[in-house]
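# Build me a model from this:
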Amino acid sequence: MSGVPLIHPAAEGEEGKYVAGRHGHGHIKSFVRRAGRMSEAQERHYAEMMPKIGLVYTPQQVDLAAVYGRNAPKILEIGTGMGETTAKIADANRDNDYLGVEVHVPGVGALCKQIAERDLTNLRICQHDAVELVRDMLPEASLDGVHIFFPDPWHKARHNKRRLIQPPFVALLASRLKPGGYFHCATDWEEYAHQMLEVLTAEPTLINSSDGFAPRPEYRPLTKFENRGLRLGHGVWDVIFKKR
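A predicted model of the protein is given here:
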């Protein structure tokens, strides 16, 4: 991992303020806990499914094979949103196991509904901060892939420090990848795409799978939002690196 500290305090009073963590450290949050109401169906599926498929945060490493009850490739997805893409990928790749991380309650409820309707046994959800989950729960070289699709771009310059794709977190995630594992980011914000490319290129344990940006792989389905943007001429950029 790089020598840049992952955990550091933010300015007092900001969203993303200093938060107590392991060993008394905190980190800048890359998300805002948005208010939102779940539909009755989402509430029902959330209550029914989370006790079965929810991975509860604990500040100790977990055995992922034991969590899923099998040895299979393990893919982490950070920021599942409303869960449509996550569920489609898990459904189409049932030989892989997926761990989705999302803090927005309606999004978790929507993904629980998808899991129930598709009868997915290879998908778990952790409703917790992604940095703490990866840092505290995932052993080194335990993942075969990482997905970060359309993270919040925090487009104002003064908010850029809240972006998820920063050198310390990329180094942490890279340490959890097995050799040959992949790190896949996608964004529809061009300036953020270039930052992603720059940050991942600078991580010495990763190597770009393409010459610059990558073509969208078949396993990442187009969302309705993305299709609409493409029809309007908006760009989408995929960045895919592999662990050396």
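# helices and strands of the protein: which one has the lowest mean pLDDT?
Sorting the helices and strands of the chain by mean pLDDT, DSSP states H and E puts helix 224-231 at the bottom, at a mean of 84.
# Quick one: residues in contact with the helix or strand following it.
Where DSSP states H and E defines the elements, the next helix or strand beyond helix 224-231 is strand 237-243. Residues outside strand 237-243 that contact it (CB atoms under 8 Å, 6 or more residues apart in numbering) are 174, 177-188, 190, 193, 196-197, 200-201, 203, 205-210, 213-217, 220. Every residue, glycine included, has its C-beta placed from N, CA and C.
# Strands along the protein, start to end?
For the chain, the strands defined by DSSP state E cover 74-78, 97-101, 123-126, 143-149, 177-187, 206-208, 237-243.
# now for those, which one comes closest to residue 115?
Evaluated over these, closeness to residue 115 peaks at strand 123-126, with 5.6 Å, by CB to CB.
# Give me the contacts around the closest one.
Contacts of strand 123-126 (CB under 8 Å, 6+ apart): 50, 53-57, 67-68, 80, 86-87, 90, 97-102, 108, 111-112, 115, 133, 137.
# Buried only: go through these for me.
Buried members of those, scored by 16 or more other CB atoms under 10 Å, are 50, 53-55, 68, 80, 86-87, 90, 97-102, 108, 111-112, 115, 133, 137.
# From those residues, which land in helices?
Under the assignment DSSP state H, the buried ones among the contacts of strand 123-126 contribute 50, 53, 68, 86, 87, 90, 108, 111, 112, 115, 133, 137 to helices.
# Which residue is the nearest non-sequential neighbour of residue 192?
Nearest residue to residue 192, sequence neighbours excluded (CB to CB, 6 or more residues apart in numbering): residue 153, at 4.5 Å.
# what number of residues lie near the one you found?
20 (other CB atoms under 10 Å).
# these two touch, right, it and residue 190?
No: counting by CB atoms under 8 Å, residue 153 does not reach residue 190; the two are 9.6 Å apart.
# could you dump the ones in helices among the buried ones among the contacts of strand 123-126 to CSV with distance to residue 242 and pLDDT?
Compiled in CSV, these are given as follows (distance: CB to CB, whole Å; pLDDT from 0 to 100):
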residue, distance to residue 242, pLDDT
50, 33, 97
53, 29, 97
68, 23, 98
86, 22, 98
87, 25, 98
90, 22, 98
108, 30, 97
111, 27, 97
112, 32, 98
115, 29, 98
133, 22, 98
137, 23, 98
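# From these, pick the one nearest residue 225.
Nearest to residue 225 among those, counting by CB to CB, is residue 86 at 14.4 Å.
# check contacts around the spatially closest residue to that closest one that is not a sequence neighbour.
Excluding its sequence neighbours, the residue lying closest to residue 86 (CB to CB, 6+ apart) is residue 80, at 4.4 Å. By CB under 8 Å, 6+ apart, the contact list for residue 80 reads 86, 100, 101, 102, 107, 108, 111, 125.
# Repeat the analysis, applying 7 Å as the threshold.
For residue 80, the contacting residues are 86, 100, 101, 102, 107, 111, by CB atoms under 7 Å, 6 or more residues apart in numbering.
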